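# Below are the sequence and a predicted model for it; my questions follow.
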Amino acid sequence: MPSPPSPHRDDGSVPPAGVQQPYDADAAWADAVVRCTADGTGGRTGTAPSLTARPLRDRPGARLSGSCDLDTRPILSAALGVVTRIPGPVVHLDLSAVGFLDAAAVAALVQANATVAGQGRRLLLHHPPYSLRKVVEMFPDECAALEVAA
Amino acid sequence: MINHPAADAPGAFVHPALFYRGPADYLAGVGGFVRAALTADEPVLVAVPGPRLEALRESLGGDAAKVTWTDMTQSGRNPGRILATLQEFADRHEDRPARIVGEPIWPGRSQAEVLEATRHEALINTAFAGRPASVLCPYDVLGVPAAVVNDARRTHPVVMEEGRVRVSPDHVDAAVVGADCDRPLPEPHGGAPSFAYAHGELGEVRAYAEAWARGTALSAARRGDLVLAVSEAAANSLAHGGGRGSLRLWSTVDSGPGRGAGVVAEIRDAGRLTDPLAGRRRPALASVNGGRGLWMIHQLCDLVEIRASDSGLTLRLHMATS
């Protein structure tokens, strides 16, 4: 009986139909996409405002979880700094677990997109929340370069 | 035939109020202004209520296609976003003086809307000072309250009435009008609980607003808009308003024309409104001052009441549900 594929390394086995080949997440950049949280202060429920970034397993990119606002601004900035250094012709950013992005966060995405595009590559956004789509609608010219997966 | 002041003073900003009595008066006064501008090959924006717009468009015939039209009851529903629209149009045609018709007050506007529209009228003078442009503001003197006409004499340096153009002796500085518009806001019927927030709690502010909005008649999209507006306002409290603030939410019932049912979000903080034009000009997405959030709030809401006082800043964000 074959052992299940490691979540972190392509062991060469053929995955079952419907399961994508695990992307090599052991590359140096993956170590940099670390769980980020604020310092634990603030918040009436005792939980610090958080935004986390994790590498995608199946393709180059990262998955953000949480909210992108003034409280998590430094975390987003750090995460995007790492994401834009992920190699590959297309870098994927999964936003399906991001409940909210404010205008400044969208501006940061536009900046990250310009960085990646400047290297002749693409930054592809997946499952953006309503707030991102609304900000894009309000700033159409500046957000025109943002690419959202169909 | 009305002699249009725009033609008399090239290079300077001209901001006349046109007091009209009935449709014929309207078409003569506004139509004359538009035709004169088109003859001079100047860019024209007409921002007036829908029915007036249609009549005007029809009267201009083939020339109507040379004019940029916008229904003020839509684009200017929130008076706080009109100035950005006018400035954007003037900016797009920087090589030539823009000729704009802006009718921000019409019969049926609520008292709160009229107050913010009056503030807007005064701020037009501030925003366009020294700029070669004309903004003609028609007033339906047979349809709007006398107080509105009196305020128009205060917010416009020039008044056009019964075919004559006169300097308005009642005209006062925008700051004076603004202070007069800072009237105390009525308390919500039955009160509303206050939700205090500080750094690190923006997520909770949004969760609170979202949960409350689910119990209202707002559509999912409008709920999203409300949460976005509230979040930007609360972020402004943290960045520019003393690092903390409070939020109150309540519903209003239908109480007649211009005062339909809706929701109100009130944000209070220790902020100051140092620039009365903040949020009234399209900002860059990447700008860092408080103007970006305020501009977004104006775009997202049906009415924004702003009260600046020594004790701080109050924003009331209104969204209609009917």
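Cool, the structure landed. Residues are numbered from 1 along each chain as shown, chains lettered A, B, ... in the order given.
# does any part of the lengthiest helix in chain A sit near chain B?
Criterion DSSP state H: the longest helix present in chain A is helix A:103-118. Yes. Using C-beta under 8 Å from any C-beta of the partner chain, helix A:103-118 reaches chain B at A:103-104, A:106-107, A:110-111. The C-beta positions use only the backbone N, C-alpha and C, and glycine is treated the same way.
# among these, which ones are buried?
Buried members of those, counted by 16 or more other C-beta atoms under 10 Å in any protein chain shown: A:103-104, A:106-107, A:110.
# Specify which member of those is nearest to chain B.
Distance to chain B, by C-beta to the nearest C-beta, is smallest for A:A107 among these, at 4.3 Å.
# Name all residues that make contact with the closest one.
Counting by C-beta atoms under 8 Å, 6 or more residues apart in numbering or on different chains, A:A107 touches A:142, B:285-286.
# And the pLDDT for it?
pLDDT for A:A107: 97.
# Kindly report the same for B:P10.
At B:P10, pLDDT is 52.
# Show me the helices in chain A, by range?
A:28-32, A:73-83, A:103-118, A:130-138, A:140-143.
# tell me, which of these is the model least confident about?
helix A:28-32 - the lowest mean pLDDT of the helices of chain A, at a mean of 54.
# quick one: contacts for residue 148?
Chain wasn't specified; assuming chain A. Applying C-beta under 8 Å, 6+ apart, the residues near A:V148 are A:124-126, A:128.
# Switch to chain B, please.
By C-beta under 8 Å, 6+ apart, the neighbours of B:V148 are B:105, B:114, B:118, B:139.
# B:D225 now?
Residues in contact with B:D225 (C-beta under 8 Å, 6+ apart) are A:134, B:300-301, B:319.
# returning to that earlier point: who wins for neighbours among the contacts of A:V148?
A:P128 (22 neighbours; other C-beta atoms under 10 Å in any protein chain shown).
# I figured that residue hits A:L101, correct?
Yes. The pair A:P128 / A:L101 is scored as a contact, 7.4 Å apart, by C-beta atoms under 8 Å.
# ok, back up a step: name the member of the contacts of B:D225 that has the highest neighbour count.
For the contacts of B:D225, neighbours tallied by other C-beta under 10 Å; top is B:C301, 27 neighbours.
# What separation do you get for it and A:P128?
Distance, B:C301 to A:P128, by C-beta to C-beta, to the nearest Å: 23 Å.
# Most proximal residue of chain B with respect to chain A?
B:G200 (2.2 Å).
# List the backbone torsions phi and psi for that residue.
Recorded main-chain torsions at B:G200 are phi 90, psi 0, according to degrees, to the nearest 10.
# So what sits opposite the nearest residue to B:W212 once chain neighbours are set aside in the bridge?
Using C-beta to C-beta, 6 or more residues apart in numbering or on different chains and skipping residues adjacent in sequence, the residue nearest B:W212 is B:L249, 4.9 Å away. Beta-bridge pairing for B:L249 (DSSP bridges): B:A265.
# For B:L249, which residues are in contact?
Per C-beta under 8 Å, 6+ apart, neighbours of B:L249: B:192, B:195, B:208-209, B:212-213, B:263-266.
# In strands, which of these appear?
Judged by DSSP state E, strands contain the following of the contacts of B:L249: B:195, B:263-266.
# how about these in TSV, adding pLDDT and neighbour count?
TSV is the format used below for the ones in strands among the contacts of B:L249 (pLDDT from 0 to 100; neighbours: other C-beta atoms under 10 Å in any protein chain shown):
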residue	pLDDT	neighbour count
B:F195	98	18
B:V263	97	24
B:V264	97	19
B:A265	98	25
B:E266	98	22
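# how about the residues you listed, which pair is most distant?
For those, the farthest-apart pair by C-beta to C-beta is B:F195 and B:V263; their separation is 14.7 Å.
# ok so, going back, so which of the contacts of B:V148 belong to helices?
Using DSSP H, the members of these that fall within helices are B:114, B:118.
# Tell me the buried residues within the contacts of B:V148.
Judged by 16+ other C-beta under 10 Å, buried ones among the contacts of B:V148: B:105, B:114, B:118, B:139.
# Need the residues you listed in TSV (columns: distance to A:T52).
Listed next are the buried ones among the contacts of B:V148 as TSV, based on distance: C-beta to C-beta, whole Å:
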residue	distance to A:T52
B:I105	50
B:V114	48
B:T118	48
B:Y139	56
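# B:G32 is in what secondary structure piece?
For B:G32, the host element (DSSP states H and E) is helix B:23-39.
# got it, and B:D41?
B:D41 belongs to no helix or strand, assigned by DSSP H and E.
# per-residue pLDDT, it?
95.
# In this structure it contacts B:P97, no?
No. With contact defined as C-beta under 8 Å, B:D41 does not reach B:P97; the gap is 10.7 Å.
# name the helices or strands packed onto whichever strand in chain A runs longest?
Ranked by residue count, the top strand of chain A under DSSP E comes out as strand A:90-101. Judged by 3 or more C-beta pairs under 8 Å, 6 or more residues apart in numbering or on different chains; DSSP states H and E, strand A:90-101 is in contact with strand A:61-68, helix A:103-118, strand A:122-126, helix A:130-138, helix B:202-213.
# Which residues lie in contact with the residue nearest the centre of chain B in this structure?
Chain B has B:P79 as the residue nearest its centroid, 1.9 Å off, counting by C-alpha atoms, centre = their mean. With contacts defined as C-beta under 8 Å, 6+ apart, B:P79 is in contact with B:104, B:113, B:116-117, B:119-120, B:303.
# Enumerate the positions of stretch B:100-111 that are buried.
Buried-residue list, stretch B:100-111, by 16+ other C-beta under 10 Å: B:100-106, B:109-110.
# on that earlier part again, which helices and strands sit right next to the helix holding B:G32?
So helix B:23-39, by 3+ C-beta pairs under 8 Å, 6+ apart, packs with helix B:5-8, strand B:16-20, strand B:44-48, helix B:50-60, strand B:99-102, strand B:134-140.
# Direction-wise, compare the longest one with strand B:16-20 and give the angle.
Between helix B:50-60 and strand B:16-20, the angle formed by their directions is 90 degrees, by axes from the mean of the first three to the mean of the last three C-alpha atoms, to 10 degrees.
# Flag every buried residue along helix B:50-60.
B:52-53, B:55-56, B:59-60.
# and which of those is nearest B:A179?
Closest to B:A179, out of all of the buried residues of helix B:50-60 and judged by C-beta to C-beta, is B:R52, at 31.3 Å.
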